[in-house]
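Asks: please find the sequence and the predicted model below.
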Amino acid sequence: MVKGSQYNLPYRRRRNAATDYAKRKRLVLSGIPRLVVRPANKHITVQVIEARAKGDVVLASAHSSELSKYSWKGAGGNVPAAYLTGSLAGYRARTKGVQAAVLDVGTRPVSVGSRIFAAMNGAADSGLKVPHGEEILPSKERLRGDHIAAFGKMLSQKPDLYQKRFSSYLKQNLKPEDVPAHFEEVREKISQSFEKTA
């Protein structure tokens, strides 16, 4: 692999395509904290991170598993959960005095209306200033989970498939058709919990 004495081996994270150093340099030089969104299959993590000389410092963090503290009964990796997790991280960042952040998606490919932008939307709605265009955000109906409710209503005609697809929801006594109303309740709880501490 190495050819000649003048060859400089690239950083391991660059070789593995785990870090885009050019993009990271621009984000760090902006001087604005980064809103780091990292989705997985079942959960999503949102952090507000500030770059310092000795390394990155996490100013605020939220994980979708924490939504159960606010009575969330739905899945932790879908669009409504991403919005609520972003909102939670945004409120926590505001209590630490952070007023603005810039979105950091890492090397992940993104698409319009994805969970990443749902999380960013939640952070922005909590009062954190995150530069973005409105055209990339999921629709209000998708944020609320109307697509989940519509799919649940369609599958309700096939009880076996309905039970199989929504078993985790039903174990929590949440019908998929009720997700939009449940989303609004949880969003209000998160908002009110930070109004009390403000």
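Replies: Okay, I see it.

Asks: helix or strand for the most centrally placed residue in the chain, just tell me which one.
Replies: Among the residues of the chain, the one closest to the centroid is Ala119, at 3.4 Å (C-alpha atoms, centre = their mean). Using DSSP states H and E, the element containing Ala119 is helix 115-125.

Asks: same deal with Ala149?
Replies: Ala149 is part of helix 146-155, with elements assigned from DSSP H and E.

Asks: contacts for the helix or strand just after that helix?
Replies: Note on helix 146-155: by DSSP H and E, the next helix or strand toward the C-terminus is helix 159-165. Under the contact criterion C-beta atoms under 8 Å, 6 or more residues apart in numbering, helix 159-165 has outside partners Phe151, Gly152, Leu155, Ser156, Leu170. Every C-beta, even on glycine, is put in place using the N, C-alpha and C of the backbone.

Asks: identify the single longest helix in the protein, thanks.
Replies: Counting residues, the longest helix found in the chain (DSSP state H) is helix 179-197.

Asks: that one to helix 146-155, inter-axis angle?
Replies: Angle, helix 179-197 to helix 146-155, by axes from the mean of the first three to the mean of the last three C-alpha atoms, to 10 degrees: 150 degrees.

Asks: name the residues of helix 179-197 that are buried.
Replies: Neighbour-count burial for helix 179-197, counted by 16 or more other C-beta atoms under 10 Å, picks out Val179, Pro180, His182, Phe183, Val186, Arg187, Ile190, Phe194.

Asks: ditto for stretch 136-154
Replies: By neighbour count on 16+ other C-beta under 10 Å, the buried set for stretch 136-154 is 136-138, 142-149, 151-152.
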